[in-house]
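let's see this in three dimensions:
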Amino acid sequence: MSDDRDNLAGARRVLSPRGVTWLGMGVNALLAAAKIAAGTLFVSQSIFADGLHSASDLVTDVAVLAALGISARPADRGHPYGHRRVATLVALYIGVALLGAACWVGYSGISALHGRPTGVRGMVPLVLALVSVAVKEALFRVTRRVARRSHNAALEANAWHHRTDAFSSIAAAAGLAAVALGGAAWAFMDPLTGLVLAAFLAVAAARIITRSAAELVDSAPPAETLAAIERRVAQTPGVRSHHAFRARHVGGKIVMDIHVQVDPDLTVRQGHDIAGAVKREVMQGDPRVVEAVVHVEPAEEDPQDDHTPERGD
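The predicted structure is shown next:
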């Protein structure tokens, strides 16, 4: 049993961002087809909407695959700062797509409530919703683990898309269970559950959109991250002080620049070596930092170091 667990943990560690995205595409394709078919055959508004949500995951999976290929390209003449913002744009697209799905599900639920809801036939939609919860939650955990290991914003947004699908299946299962137990008198629970799902999806979409938009306008990392970077700079041998420190998010990673002050009597090569040491210290200390520009300046002489003879010496 322990060997099986070790093998599973090892598989999770070696799973690549592209590999976990392909896995998600396969799972979403199967779930979307099964849910949409069940919603149509068994007259279930909530499982049909849940199936459309799974289908929307297919579109975002394709976008993430494209982002993984483009954002990893090195800098070129047309993009001297690299292509990392492609991952941010894809994350923003996923948020907008999720918001669109929320609006559609909400509209469908309101339309069904204004009509005459019919009872869901059979237990298949309920069983399918419960299976979907387990599968999509597992997919969320695996995808998020790979996203955090690779510090990829688009992949992490896609992981949360998987979790919203799991939560939507929970909501669908709750509504379907109420209908199964209460019969026709509780038929309204199916479209009502769709409305609850729509609200949850809208909140998740807003968070993804806000985070992506903040990155596109060069928002700074959290204060604790900045403080940790400054501590590493200050503890680098040869650095007397530093200033003009700036950092921003780019594609889930961090790029920064900083001015460090060193002994003014050092040679150019010695100053260059200190700058390299600062860069290594910062990037090794925080793997999210993928670019660090270090400017070297001569430190100002301490006035206390100047000995002015007093009168009478």
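
what residues sit buried inside stretch 173-183?
Neighbour-count burial for stretch 173-183, counted by 16 or more other Cβ atoms under 10 Å, picks out Ala173, Ala174, Gly175, Leu176, Ala177, Ala178, Val179, Ala180. (Each C-beta comes from the backbone N, C-alpha and C, glycine too.)

next: stretch 264-274.
Buried-residue list, stretch 264-274, by 16+ other Cβ under 10 Å: Leu266, Gly271, Ile274.

what does stretch 128-147 give?
For stretch 128-147, using 16+ other Cβ under 10 Å, the buried residues are 128-130, 132-133, 135-137, 139-140, 142-144, 146-147.

check stretch 247-256 too.
Here stretch 247-256 shows Ala247, His249, Val250, Gly251, Gly252, Lys253, Ile254, Val255, Met256 as buried, counting by 16+ other Cβ under 10 Å.

what about that stretch, average pLDDT?
Mean per-residue pLDDT for stretch 247-256: 87.

one step back: between the buried residues of stretch 247-256, which sits nearest Asp57?
Gly252 (19.7 Å; Cβ to Cβ).

what about the residue nearest to the closest one when sequence neighbours are not counted, how many neighbours?
What sits nearest to Gly252 in space, not counting adjacent residues and going by Cβ to Cβ, 6 or more residues apart in numbering, is Ala153, at 3.3 Å. Using other Cβ atoms under 10 Å, Ala153 has 28 other residues around it.

the stretch 51-200 of the chain: helices as residue ranges?
Using DSSP state H, counting those that start in this stretch, the helices of the stretch 51-200 of the chain run over 85-114, 124-150, 153-182, 189-216.

deepest in the core, which of the ones you listed is it.
helix 153-182 (a mean of 24; mean count of other Cβ atoms under 10 Å).

tell me what it is packed against?
Helix 153-182 is packed against helix 17-41, helix 45-71, helix 85-114, helix 124-150, helix 189-216, with contacts defined by 3 or more Cβ pairs under 8 Å, 6 or more residues apart in numbering; DSSP states H and E.

quick one: list the elements packing against the shortest one.
Counting contacts by 3+ Cβ pairs under 8 Å, 6+ apart, helix 17-41 packs against helix 45-71, helix 124-150, helix 153-182.

same question, the longest one
With contacts defined as 3+ Cβ pairs under 8 Å, 6+ apart, the packing partners of helix 85-114 are helix 45-71, helix 153-182, helix 189-216.

now render these as a markdown table, adding mean pLDDT and distance to Arg77.
Output for these, formatted as a markdown table (pLDDT from 0 to 100; distance: least, Cβ to Cβ, whole Å):
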| stretch | mean pLDDT | distance to Arg77 |
| --- | --- | --- |
| helix 45-71 | 76 | 16 |
| helix 153-182 | 78 | 25 |
| helix 189-216 | 81 | 23 |
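
can you put those in TSV and add distance to Lys35?
Output for the helices and strands packed on helix 85-114, formatted as TSV (distance: least, Cβ to Cβ, whole Å):
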stretch	distance to Lys35
helix 45-71	3
helix 153-182	9
helix 189-216	13
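
nearest to Ser241, of those?
helix 189-216 (30.0 Å).

tell me the angle of that closest one relative to helix 153-182?
170 degrees (axes from the mean of the first three to the mean of the last three Cα atoms, to 10 degrees).

picking that back up, and of the buried residues of stretch 173-183, the nearest to Arg280?
Ala173 (51.6 Å).

look up the closest residue to that closest one, ignoring the ones flanking it.
Distances taken as Cβ to Cβ, 6+ apart put Ala129 closest to Ala173, at 3.9 Å, once the chain neighbours are dropped.

pretty sure the one you found is touching Val179, no?
No. Here Ala129 lies out of contact with Val179, judged by Cβ atoms under 8 Å, at a distance of 11.6 Å.

where along the stretch 201-313 of the chain do the strands fall?
241-250, 253-262, 289-298 (DSSP state E, counting those that start in this stretch).

tell me which of those strands is the most buried.
Comparing the strands of the stretch 201-313 of the chain by mean neighbour count (mean count of other Cβ under 10 Å), strand 253-262 comes out on top with a mean of 20.

show me what the residue nearest to Ala214 when sequence neighbours are not counted is bridged to.
The spatially closest residue to Ala214, leaving aside those adjacent along the chain, is His249, at 7.6 Å (Cβ to Cβ, 6+ apart). Legend: beta-bridge partners of His249 under DSSP bridges are Ile254.

check contacts around His249.
Ala153, Ala214, Glu215, Asp218, Ser219, Ala220, Pro221 (Cβ atoms under 8 Å, 6 or more residues apart in numbering).

just the pLDDT for the fourth one.
pLDDT for Asp218: 89.

all set now, cheers.
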